[in-house]
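In: With the input below, show me the fold.
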Amino acid sequence: MPANENAIEVVHDDPSAAIDRARRTGGTAVVLAPLRVEDVLAVADRGERVPRKSTSFGPKPRTGLVLRLLETET
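Out: Prediction:
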């Protein structure tokens, strides 16, 4: 990993765009299948971490959005 994490660009949901970008910039494209939620939970159960951005799930809520449960547990 480079010392400057901003040197890494993440392209979601479009492998061909990632490959095109790598070709234009002389970089490298790494295209991976997304992790399943079950895989993330299994890694967390072992007390380990998954690689950066591998848990980037969508769609994302808008910045500043507040979520609140409407029901309370009894």
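In: Where do the helices of this structure begin and end?
Out: With helices called from DSSP state H, the chain shows them at 15-25, 37-45.
In: Determine which of those approaches residue 60 most closely.
Out: In terms of C-beta to C-beta, the element of the helices of the chain nearest to residue 60 is helix 37-45, at 15.5 Å. For the C-beta atoms, the positions are set from N, CA and C on the backbone; glycine is no exception.
In: about what we covered before: may I see the helices of the chain organised as a markdown table, with distance to residue 66 added?
Out: Shown next, in a markdown table, are the helices of the chain (distance: least, C-beta to C-beta, whole Å):
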| stretch | distance to residue 66 |
| --- | --- |
| helix 15-25 | 33 |
| helix 37-45 | 24 |
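In: Mean neighbour count and mean pLDDT added to those, as TSV?
Out: Converted to TSV, these look like this (neighbours: other C-beta atoms under 10 Å; pLDDT from 0 to 100):
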stretch	mean neighbour count	mean pLDDT
helix 15-25	12	91
helix 37-45	11	89
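In: what's the closest of those to residue 51?
Out: Nearest of the helices of the chain to residue 51, taken as C-beta to C-beta: helix 37-45 at 10.1 Å.
In: then that closest one to PDB, C-alphas only?
Out: The C-alpha coordinates for helix 37-45 follow below in PDB (Å, rounded to 0.1, in the frame of the first residue of the first chain):
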ATOM      1  CA  VAL A  37     -22.400 -10.000   4.600                       C
ATOM      2  CA  GLU A  38     -21.900 -13.500   6.100                       C
ATOM      3  CA  ASP A  39     -18.200 -13.400   5.200                       C
ATOM      4  CA  VAL A  40     -17.800 -10.000   6.900                       C
ATOM      5  CA  LEU A  41     -19.500 -11.300  10.000                       C
ATOM      6  CA  ALA A  42     -17.400 -14.400  10.000                       C
ATOM      7  CA  VAL A  43     -14.200 -12.300   9.900                       C
ATOM      8  CA  ALA A  44     -15.400 -10.100  12.600                       C
ATOM      9  CA  ASP A  45     -16.300 -13.100  14.800                       C
END
